[in-house]
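quick one, structure for this:
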Amino acid sequence: MGQAKGLIGEIQRGEISPVYLLHGEETYLIEDTLAEMIEVLAPKNVRDFNLDVFSDPDVSVGEILSMADTYPVMAERRVVVVKDPAFLGPAKAVHTPVDVFRESRELYRTGDTARSAALLARCLDLGPDEFAEGGIAFRRAAEAFKRDSEDELSSDDLEFLEDAVDTLTAEIEVIPASPSASDVDRLLEWLQERPAPTTVLIFAVTSALDGRGRVVKAISHAGKVVDFGRLRQAYYVNRDPIYRMAMDKLREYRKTIAPDAFSELQKKTSNGDYVNMRQIFDELDKLVTFVGERQRIEKSDVEEVVTRTGSDRIFDLTNAIGQRSLPLALANLKSILEKGDHPLLIHNMLTRQIRFLLQAKLLLERGDLKPDAARMSYDAFQQRIYKKLPSELIDELPESKSLNLLKQHPYPLHLTLRQAKNFTIQELIKAMERLLEADIQLKTGRLTPELVVEMLIMDLVGL
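Okay, the predicted model is just below:
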């Protein structure tokens with residue numbers, strides 16, 4: 001952590017290296033440091049033209065250096081970020097041709113036609129020259145791809161593929177490669193030539209690299225290498241580096257956390273001697289909301305808020321749906337599935353939460369709950385709303401506790417009221433109808449359960 005702070009301090013003072021390598025197993029710190037570097041190196045007013053991020057592990061050195069050698073537009077420098085390239089370590093995931101195709105389509109939608117063309121050429125297994133010519137070679141490759149992937153392609157996918165021959169074949173950049181040099185050799189040659197000060201190239205690798213490797217050594221000579229090794233829990237909390245980081249973060253909110261509370265938080269998020277830093281900081285955000293105006297987070301707060309169940313993740317999912325953010329909603333769905341929750345369980349939890357949101361919306365619009373209840377701090381909500389709920393109002397909702405919003409713990413009730421503003425009553429009714437359709441699909445077994453819930457999320461976001 002000290003290295004990261006020192007690195008950001010150097011950049012803020014104008015001591016900028018042409019190339020950086022951030023590597024290690026502490027992915028949260030890598031991503032946090034990378035975000036801070038981008039914030040300083042690529043000001044928002046010129047970022048659209050001067051920041052390029054490569055997240056495909058199969059990206060070639062040629063593509064990277066082509067962008068790195070491009071002069072910045074109305075700015076001091078261009079920033080090129082390369083995440084987990086295969087030539088610096090094992091690829092993190094196997095990308096199927098359909099995965100590559102979808103990324104090409106998304107880049108095309110955002111206007112990045114050159115990279116869209118490069119990915120589409122890879123997907124169709126065409127060389128840059130063959131792709132650029134279009135014609136019969138392109139048509140044959142496209143037809144073969146459609147045959148092999150017909151069950152996975154939507155009508156929009158097929159329409160994009162039809163348009164590609166007219167719009168993308170002229171956009172591909174044919175990057176010459178030295179026939180006698182490998183990708184790594186080309187990168188080493190570029191590093192030895194002392195890169196121009198108008199570009200900052202940043203490699204972010206979420207695995208530990210051997211410091212004796214050729215590329216790591218070359219980058220350390222030309223720029224900076226920062227190793228983000230996993231942080232271990234200290235025996236004494238006050239000496240724990242993660243505790244100090246947590247205290248630094250909480251200072252932004254003018255809050256602190258008791259040592260025994262932090263120990264409990266570590267216990268709930270640890271894996272043996274190691275801790276999940278991302279989860280720690282995600283949970284701290286929830287705890288800040290939970291304690292409201294209180295300045296100190298206590299152990300009892302951690303015990304009440306931080307759980308190992310999927311309920312919190314469902315709040316994240318419904319929040320993403322309410323924001324109409326499909327990428328965020330699908331990312332949350334993927335996270336829940338990776339935790340081992342079955343799609344049927346996800347459907348049940350989502351149905352329960354949408355039902356509660358509908359109850360909340362009706363209570364707010366009918367005036368049974370004051371509109372400002374959703375804007376109160378958690379402490380104020382408990383004192384001024386929850387403890388004064390009339391029994392007659394509670395009895396108007398279903399008798400079963402599992403179906404009655406007002407019989408829930410005050411914290412999920414408070415969160416549900418805050419989320420209700422993202423939906424209309426009509427949208428929530430449509431959502432319940434769509435959930436019923438998905439329930440039938442899950443029970444008939446015509447589609448895979450994972451596909452059913454993914455399609456459900458897409459429809460809910462589009463309400």
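
buried sites along stretch 113-125?
Neighbour-count burial for stretch 113-125, with 16 or more other C-beta atoms under 10 Å as criterion, is recorded at 113, 115-124. (Each C-beta comes from the backbone N, C-alpha and C, glycine too.)

same thing with stretch 370-386?
Taking 16+ other C-beta under 10 Å as the basis for neighbour counts, the residues of stretch 370-386 that come out buried are 373-374, 376, 378, 381-382, 385-386.

same thing with stretch 248-255?
Buried positions in stretch 248-255, judged by neighbour count with 16+ other C-beta under 10 Å: 249-250, 255.

still on that earlier bit, out of the buried residues of stretch 113-125, which are inside helices?
Judged by DSSP state H, helices contain the following of the buried residues of stretch 113-125: 113, 115-123.

which of those lies closest to Lys421?
Of all those, Ser116 has the smallest distance to Lys421: 36.7 Å, by C-beta to C-beta.

any idea how far Lys146 lies from Glu103?
When distances are taken as C-beta to C-beta, to the nearest Å, Lys146 and Glu103 turn out to be 18 Å apart.

Gly24 too?
To Glu103, Gly24 is 26 Å away according to C-beta to C-beta.

returning to that earlier point: any chance of TSV for the buried residues of stretch 370-386, columns distance to Ala320 and secondary structure?
Supplementary listing: the buried residues of stretch 370-386 in TSV, determined by distance: C-beta to C-beta, whole Å; DSSP: H, G, I helix; E, B strand; the rest coil:
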residue	distance to Ala320	secondary structure
Ala373	23	helix
Ala374	18	helix
Met376	23	coil
Tyr378	21	helix
Phe381	23	helix
Gln382	26	helix
Ile385	26	coil
Tyr386	26	helix
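
quick one: which two of these are the most distant?
With C-beta to C-beta as the measure, no two of the buried residues of stretch 370-386 lie farther apart than Ala374 and Gln382, at 13.8 Å.

which stretches in the stretch 1-150 of the chain count as helices?
Listed from the start of the chain, the stretch 1-150 of the chain has helices (DSSP state H, counting those that start in this stretch) covering 2-12, 27-41, 47-50, 61-68, 97-109, 113-123, 128-133, 135-149.

go through the ones you listed and pick out the most buried.
Using mean count of other C-beta atoms under 10 Å, the stretch among the helices of the stretch 1-150 of the chain with the largest mean neighbour count is helix 113-123, at a mean of 23.

looking at the buried residues of stretch 113-125, which is nearest Gly445?
Distance to Gly445 across the buried residues of stretch 113-125 (C-beta to C-beta) is lowest for Cys123, with 31.1 Å.

the closest one against Ser104, yeah?
Yes: Cys123 is within contact range of Ser104, at 6.3 Å (criterion: C-beta atoms under 8 Å).

distance of Ala218 relative to Trp190?
Between Ala218 and Trp190 the distance is 9 Å, computed by C-beta to C-beta.

so Ala374 makes contact with Leu413?
No: counting by C-beta under 8 Å, Leu413 is not a contact partner of Ala374; they are 10.5 Å apart.

check the gap between the spatially closest residue to Asp58 that is not a sequence neighbour and Thr256 for me.
Computed as C-beta to C-beta, 6 or more residues apart in numbering, the closest residue to Asp58 that is not its neighbour in sequence is Ala86, at 5.8 Å. Here Ala86 is placed at a distance of 44 Å from Thr256 (C-beta to C-beta).

got it, and Lys370?
Looking at Lys370 against Thr256, where the rule is C-beta to C-beta, the gap reads 32 Å.

ok, Glu427 next?
The spacing between Glu427 and Thr256, counted by C-beta to C-beta, is 40 Å.

equivalent analysis for Val226, please.
Val226 sits at a distance of 29 Å from Thr256 (criterion: C-beta to C-beta).

ok, back up a step: tell me which of the buried residues of stretch 248-255 is nearest to Gly292?
Proximity of the buried residues of stretch 248-255 to Gly292 was ranked by C-beta to C-beta; the top entry is Lys255 with 10.3 Å.

grab the nearest non-local neighbour of the closest one.
For Lys255, ignoring the flanking residues on the chain, the nearest one in space by C-beta to C-beta, 6+ apart is Gln295 at 5.4 Å.

below-threshold pLDDT in this protein: ranges please.
For the chain, the stretches with pLDDT under 70 are 1-3, 89-95, 109-111, 165-166, 170-182, 194, 231-236, 270-276, 307-312, 378-379.

all strands for it, in order.
In the chain, strands defined by DSSP state E lie at 19-23, 51-54, 78-83, 199-205, 224-227, 256-257, 270-271, 274-275, 296-297, listed in chain order.

for the third one, which positions count as buried?
Using 16+ other C-beta under 10 Å as the test for burial, strand 78-83 gives 78-83.

and if you look at the fifth one?
Residues of strand 224-227 classed as buried by neighbour count (16+ other C-beta under 10 Å): 224-226.

pick the one among those residues closest to Arg446.
Distances from Arg446 to the buried residues of strand 224-227, taken by C-beta to C-beta, are shortest for Val226, at 50.9 Å.

surely the closest one meets Tyr20?
Yes: Val226 is in contact with Tyr20 according to C-beta under 8 Å; the separation is 7.2 Å.

distance of Asp163 from Ala142?
11 Å.

again but with Val40, I slipped
Computed with C-beta to C-beta, the distance linking Val40 and Ala142 is 44 Å.

and Arg115, by the same measure?
Distance from Arg115 to Ala142, counting by C-beta to C-beta: 19 Å.

do Asp148 as well
With distances defined as C-beta to C-beta, the gap from Asp148 to Ala142 amounts to 11 Å.

do Lys443 as well
Taking C-beta to C-beta as the criterion, Lys443 is separated from Ala142 by 38 Å.

that older thread, return the residues in contact with the residue nearest to Lys255.
Under the criterion of C-beta atoms under 8 Å, 6 or more residues apart in numbering, the contact list for Gln295 reads 254-256.

ok, of those, which one's closest to Leu363?
Of all the contacts of Gln295, Leu363 sits closest to Lys255, with 30.9 Å by C-beta to C-beta.

look up phi and psi at the closest one.
With angles defined as degrees, to the nearest 10, Lys255 sits at phi -130, psi 160.

hmm, it is touching Val291, no?
Yes: contact criterion C-beta under 8 Å: Lys255 and Val291 qualify, at 7.1 Å.

what's the overlap in contacts for the two?
Residues within reach of Lys255 and of Val291 at once, by C-beta under 8 Å, 6+ apart, are Ile297.

can you redo the contacts of Gln295 as JSON lines with distance to Met245?
Compiled in JSON lines, the contacts of Gln295 are given as follows (distance: C-beta to C-beta, whole Å):
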{"residue": "Arg254", "distance to Met245": "17"}
{"residue": "Lys255", "distance to Met245": "14"}
{"residue": "Thr256", "distance to Met245": "13"}
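
closest to Ala438 among those residues?
When the contacts of Gln295 are compared for distance to Ala438 (C-beta to C-beta), Lys255 wins out at 40.5 Å.

buried residues, the longest helix seen in the chain. List them.
Ordering each helix of the chain by length in residues (DSSP H) puts helix 343-366 first. Across helix 343-366, burial judged by 16+ other C-beta under 10 Å covers 343, 346-364.
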